[in-house]
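1. My questions are about this predicted structure, shown below with the sequence.
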Amino acid sequence: MHQPPSDSRSAFLSAISIVVGVLGDIVGVMFNPAKTKRGAAAMGQLKAYLDASGVGDELENAVWEPMLRGRLLHNLKILSDIQQQQDADRHIESKLEGTGVTNIEREVREGHRFMRFATAAYGMIKSAVDFVVDPEELKSHKDAIAVHTCIDPEDVRYMYSKDDCDKNILHHFAAVDRKTKSIILALRGTLSISCAITDGQGMARDFCLGLAHHGMADMAEKVWEVSGKVINSLFLEDELKDYGFIITGHSLGAGVACLLNIMCHVNKLVGKRKVMCYGFAPPPTYSPCNLDDTGDGKPDPPDLVKQAIQNCTAYIHDNDAVPFLLISSIRRLALILDAVDNKTENMWFYDRWKVCHEWKDIPREIHKAVAEAANIELKFVDGECNMIIPARSVIWAKKKVLNDKFEGFCCDSSLVLVAKNTVFMSPEV
């Protein structure tokens, strides 16, 4: 019988899959001219943006120079310790008023179910199945998806795992979920160099009555281009004609899912049927770019976008960095790290080593430098935009210090990114 893997074995298998994905990209670049050209073009766009906007210089001061001089890891550990002391309650700042654990039971149950589809999209089913099962049931990829998501194999209707010669498209699959009476589209997250390049193209571009993450907006359009007709054909079946449409994914897949959800509402991609989205660890991907018509300090999106946001729920885990990664937060992190480095460069190596291993207190001047850098107002650069996770609410799972159990907080997606210091340099990162 197949036994659920231990946490360490699951992590090891996940790491192996990432390595295989990276090696596959390298081999593909060597033997596929179109892939080489596509990758070079994407990297060229990213480098040109970093150079033109000045973000590249900011990252060089904060990352490359300290790394070459052996201070970067010390700087990261010191910043992590400061954040743990000062900002451990940052989720409270973004919590929606009037919400508590009892108010999010439905969101937690739904998240537990649809997370299975999001993880199945990675293809590493044997490392994800968390119950005892006959190995014969995991023989084919289709059967493994069915076992992991608790549906019939016949209901896994469509799987896209091609690497088109002129496109880079996330692997995904569509399945019939009879429990929720929905067609579910599940999108894979980052598992290769090409996916990481898509993650890095965070410049803003026009998208569905607003602005969106350039790389992920392109990916959302590509996914629908190759699979939209297949998905709509499923809704033509008599038993499925009244089914809804659910989009889910993790990390990069979650960001793309959130934007595809907006596309479905704005462009009526699946007609008038109900569309829902569940994103797990999505990065900020969208800005409505509308004026504050109601005077509450938040942008007021058009009705179709507002409806899409209302039909989307996001989930983030403790101090995961991905849900906070956008140009402004990376620039802020670079500024703070540079402030730390300006202090640690004058310290002896042994003193830094003792501070990092908590044998010596962090000097007060470093605490002060971090606080000052966190409050400096940064001017916007070209391509920068205050994007949010386009969801009605963000369910933020925070680990309790005393018993290592998790507690869920229902947070306002427009406030999550203004929580202190945005990117949290915790050991988990």
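-> Structure's in. What do you need? Numbering: from 1, shown residues only.
2. Can you pull the poorly scored residue ranges out of the stretch 151-300 of the chain?
-> With pLDDT under 70 as the threshold, the stretch 151-300 of the chain has low-confidence stretches at 162-167, 191-202, 289-300.
3. Repeat the analysis, applying 80 as the threshold.
-> When residues are selected by pLDDT under 80, those of the stretch 151-300 of the chain lie in 161-168, 190-203, 289-300.
4. Show me the strands in it, by range?
-> Counting by DSSP state E, counting those that start in this stretch, the stretch 151-300 of the chain has strands at residues 156-160, 172-177, 182-187, 204-207, 210-213, 244-250, 275-280, 286-287.
5. hmm, who's touching the fifth one?
-> With contacts defined as CB atoms under 8 Å, 6 or more residues apart in numbering, strand 210-213 is touched by 201-202, 204-206, 255, 259, 262, 283-290, 301, 305, 326, 385, 387. Just so you know, the C-beta spots here come from the backbone N, C-alpha and C atoms, and that holds for glycine as well.
6. Out of the residues you listed, list just those in helices.
-> Taking DSSP state H as the definition of helices, the contacts of strand 210-213 contribute 255, 259, 262, 305.
7. Verify the stated contact: residue 323 with residue 389.
-> Yes: contact status for residue 323 versus residue 389: in contact at 6.4 Å, counting by CB atoms under 8 Å.
8. residues contacting residue 255?
-> Each residue near residue 255 by CB under 8 Å, 6+ apart is listed here: 213, 216, 249, 279, 282-283, 285.
9. Neighbour-wise, give me the winner out of these.
-> Counting neighbours by other CB atoms under 10 Å, the top entry in the contacts of residue 255 is residue 279, with 34 neighbours.
10. What count of nearby residues applies to the residue nearest to that one when sequence neighbours are not counted?
-> In space, and not counting its chain neighbours, residue 279 is closest to residue 254: 3.5 Å by CB to CB, 6 or more residues apart in numbering. If you count neighbours by other CB under 10 Å, residue 254 ends up with 31.
11. For residue 219, see how far away residue 254 is.
-> Taken as CB to CB, to the nearest Å, the spacing of residue 254 relative to residue 219 amounts to 12 Å.
12. just the helices in the stretch 101-250 of the chain please.
-> If you assign secondary structure with DSSP state H, counting those that start in this stretch, the helices in the stretch 101-250 of the chain sit at 105-120, 141-149, 193-200, 214-234.
13. Return the angle between stretch directions for the last one and strand 182-187.
-> Just to be clear, that refers to helix 214-234. The directions of helix 214-234 and strand 182-187 differ by 150 degrees, with axes from the mean of the first three to the mean of the last three CA atoms, to 10 degrees as the criterion.
14. If you count neighbours, what's buried in helix 214-234?
-> Burial within helix 214-234, assessed by neighbour count using 16 or more other CB atoms under 10 Å, is assigned to 214-220, 222-224, 227-228, 231, 234.
15. Any chance of CSV for the residues you listed, columns distance to residue 67?
-> Conversion of the buried residues of helix 214-234 to CSV gives the following (distance: CB to CB, whole Å):
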residue, distance to residue 67
214, 27
215, 25
216, 28
217, 32
218, 31
219, 30
220, 34
222, 34
223, 36
224, 40
227, 41
228, 44
231, 45
234, 50
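16. just to revisit the earlier point, columns distance to residue 68 on top of the strands of the stretch 151-300 of the chain, output as CSV?
-> As requested, the strands of the stretch 151-300 of the chain are arranged in CSV below (distance: least, CB to CB, whole Å):
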stretch, distance to residue 68
strand 156-160, 42
strand 172-177, 40
strand 182-187, 37
strand 204-207, 32
strand 210-213, 30
strand 244-250, 34
strand 275-280, 36
strand 286-287, 36
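17. Confirm for me that residue 276 is in contact with residue 258.
-> No: counting by CB under 8 Å, residue 276 stays clear of residue 258, with 11.6 Å between them.
18. Between these two, tell me which one has more neighbours.
-> When residue 276 and residue 258 are compared on other CB under 10 Å, the one with more neighbours turns out to be residue 258, at 32 against 21.
19. Residue 250 versus the more buried one, what's the distance?
-> 12 Å.
20. returning to that earlier point: and the contacts of residue 255, which two are the farthest apart?
-> 213 and 249 (13.8 Å; CB to CB).
21. Now for residue 109, how many residues are close by?
-> 10.
22. Ok, residue 108 next?
-> Counted by other CB under 10 Å, the residues lying close to residue 108 total 14.
23. Same check on residue 151?
-> 20.
24. Wait, it touches residue 175, no?
-> Yes: the pair formed by residue 151 and residue 175 meets the contact definition of CB under 8 Å, at 6.0 Å.
25. Please identify which of the helices of the stretch 101-250 of the chain is closest to residue 356.
-> Proximity to residue 356, assessed across the helices of the stretch 101-250 of the chain by CB to CB, is greatest for helix 193-200 (27.9 Å).
26. Pull up the per-residue confidence for residue 316.
-> At residue 316, the pLDDT value in this model is 89.
27. partner residues bridging it?
-> Counting by DSSP bridges, residue 316 is bridged to residue 396.
28. Now for it: which residues touch it?
-> Neighbouring residues of residue 316 by CB under 8 Å, 6+ apart: 281, 323, 394-397, 416.
29. right, and out of those, which lies closest to residue 78?
-> If you rank those by distance to residue 78 using CB to CB, residue 323 comes first, at 23.5 Å.
30. Now for the closest one: which residues touch it?
-> For residue 323, the contacting residues are 281-284, 314, 316, 389, 394, 416, taking CB under 8 Å, 6+ apart as the criterion.
31. what's around residue 206, how many residues?
-> Residues lying near residue 206 (other CB under 10 Å) number 11.
32. so what's it up against?
-> Residue 206 touches residue 212, counting by CB under 8 Å, 6+ apart.
33. Can we start the residue count at 54 from this point?
-> Done: numbering now begins at 54, and the last item shifts to residue 259.
34. Report the buried residues of the helix or strand harbouring residue 394.
-> Element membership for residue 394, per DSSP states H and E: helix 380-397. Applying a neighbour-count criterion of 16+ other CB under 10 Å, one finds 380-394, 396-397 buried in helix 380-397.
35. In terms of secondary structure, what does it contact?
-> Secondary structure elements in contact with helix 380-397, counted by 3 or more CB pairs under 8 Å, 6 or more residues apart in numbering; DSSP states H and E, are helix 108-112, helix 118-121, helix 125-139, helix 417-428.
36. can you redo the ones you listed as a markdown table with distance to residue 164, mean pLDDT and mean neighbour count?
-> Compiled in a markdown table, these are given as follows (distance: least, CB to CB, whole Å; pLDDT from 0 to 100; neighbours: other CB atoms under 10 Å):
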| stretch | distance to residue 164 | mean pLDDT | mean neighbour count |
| --- | --- | --- | --- |
| helix 108-112 | 34 | 71 | 17 |
| helix 118-121 | 37 | 83 | 15 |
| helix 125-139 | 26 | 85 | 19 |
| helix 417-428 | 31 | 89 | 15 |
